[in-house]
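J.: I'll drop the sequence and a predicted model, then ask my questions.
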Amino acid sequence: MLCLSSLFVSGCSLFYSSREEKYDDRLVVVGFSQVGSESDWRLANTASMVGALREENGYRLLFDNAKQKQENQYLAIRNFIQQDVDYIVLAPISETGWESVLREAKTAGIPVIVVDRQVSVEDESLYQSWVGSDFYQEGRMAVSWMEETFPENTKTLRILHLQGTEGATAQIMRSRALEEAVSRHENWSIEASLKGEFTEAKGYEVVRDFLKSSTGFDVLYSENDNMTFGAMRALEEAGISFGENGDVKIISFDAVKKALELCLEGKINLCVECNPLHGPRVDRLIKAYEAGDSPQKFSYVEEICFTCDTITQDMVDSREY
Ligand code: GZL
């Protein structure tokens with residue numbers, strides 16, 4: 001007979017009188033709040049995290065997909081606190097709005113590791129570590145390629161700026177690198193900054209609508225590959241050539257395999273890597289904390305670029321995502 005003193009069934013979830021009854025104490029319990037599944041990059045990031053935080057590796061993983069809504073991440077984090085997890089891993093959709101819920105986690109004594117985009121909080125003790133990309137450096141690499149490709153005596157360089165989710169670190173810093181460069185080059189201009197939300201559908205929609213009244217542009221600076229895929233479809237429909245021999249040069253961030261294949265075909269001129277394989281990096285951080293070590297607060301990932309005139313099939317085949 002079920003002993004109700006230790007098991008209280010309420011609604012659709014089970015509550016236990018002790019943590020030991022709930023979890024196998026040999027496993028580290030991690031609650032992971034993921035932004036969503038908006039892009040190929042995000043799917044690769046989720047696969048990497050779930051693969052690293054698996055039971056054979058010593059973890060019990062509670063996973064939540066926020067479907068690109070910050071309020072869903074708040075709900076997930078509060079649920080993880082209620083579930084008394086050992087760690088919370090947060091991939092924040094945007095930089096702001098985290099003080100209150102992270103303070104609740106701190107009050108509950110649950111360490112938080114932030115992955116990918118950053119959080120902007122007054123009190124940096126609200127999270128233990130962050131691991132991700134240097135998005136500003138990614139933008140700088142793209143700008144350097146533009147400076148090499150379009151020498152100073154180029155006629156006006158007209159740029160179409162396709163931005164990712166507003167307020168995400170990747171959008172803020174990739175945009176900043178471009179905007180700073182435009183302010184340094186008087187012959188560069190941004191024709192429009194369109195909000196593509198890091199998705200293929202939105203990228204297509206905003207570029208299609210822009211092209212209806214566009215007088216032309218020379219470079220598409222697209223802050224992720226999925227928006228680029230949508231923009232390419234809109235350009236094709238409008239009869240505008242792009243890529244190595246096209247009228248429009250394309251710069252795209254993430255360097256997922258599909259984008260690298262298009263780069264190899266000469267349809268994307270520059271792919272800037274943004275490495276999503278953070279699972280092993282987060283695993284190492286948690287193992288370090290479990291061992292009583294104090295890993296560094298910020299860990300940046302090294303990244304490179306690929307151009308259509310130097311990329312090879314072997315390079316594409318060797319990629320993990
Ligand atoms: C970057 C990541 C961005 C990717 C997009 O680290 O936050 O979000 O560039 C993803 O593909 O949607």
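T.: Arrived safely.

J.: near the ligand, which residues of the chain? Just list them.
T.: Residues of the chain lying close to the ligand (CB under 6 Å from any ligand atom) are 38-39, 41-42, 116-117, 133, 168, 170, 198, 224, 253-254, 274. From N, CA and C alone the C-beta is placed, and that goes for glycine too.

J.: hmm, try it at 5 Å
T.: By CB under 5 Å from any ligand atom, the residues of the chain that approach the ligand are E38, S39, W41, R42, D116, R117, A170, F198, N224, D254, C274.

J.: can you select the buried ones among those for me in ChimeraX?
T.: Of the residues of the chain next to the ligand, the buried ones can be selected in ChimeraX as follows, counting by 16 or more other CB atoms under 10 Å:
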select :38,39,41,42,116,117,170,198,224,254,274
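
J.: among the residues of the chain next to the ligand, which one lies nearest to K155?
T.: N224 (28.7 Å; CB to CB).

J.: same for the helix or strand encompassing I88, what does it pack against?
T.: Using DSSP states H and E, I88 sits in strand 87-90. With contacts taken as 3 or more CB pairs under 8 Å, 6 or more residues apart in numbering; DSSP states H and E, strand 87-90 sits against strand 28-34, helix 70-82, strand 112-115, helix 279-290.

J.: identify whichever of these lies nearest to V301.
T.: So among the helices and strands packed on strand 87-90, helix 279-290 is nearest, using CB to CB, at 7.5 Å.

J.: any regions of the stretch 101-250 of the chain where pLDDT drops low?
T.: Nowhere does the stretch 101-250 of the chain drop to pLDDT under 70.

J.: what ranges does it have for its helices?
T.: For the stretch 101-250 of the chain, the helices defined by DSSP state H, counting those that start in this stretch cover 135-149, 169-184, 200-211, 225-237.

J.: so of those, which one's packed in deepest?
T.: Neighbour counts (mean count of other CB atoms under 10 Å) averaged over each of these peak at helix 225-237, with a mean of 23.

J.: list the contacts of the nearest residue to G279 once chain neighbours are set aside.
T.: Excluding its sequence neighbours, the residue lying closest to G279 (CB to CB, 6 or more residues apart in numbering) is A52, at 3.0 Å. Contacts for A52 were tallied using CB atoms under 8 Å, 6 or more residues apart in numbering; they are G279, P280, V282, D283.
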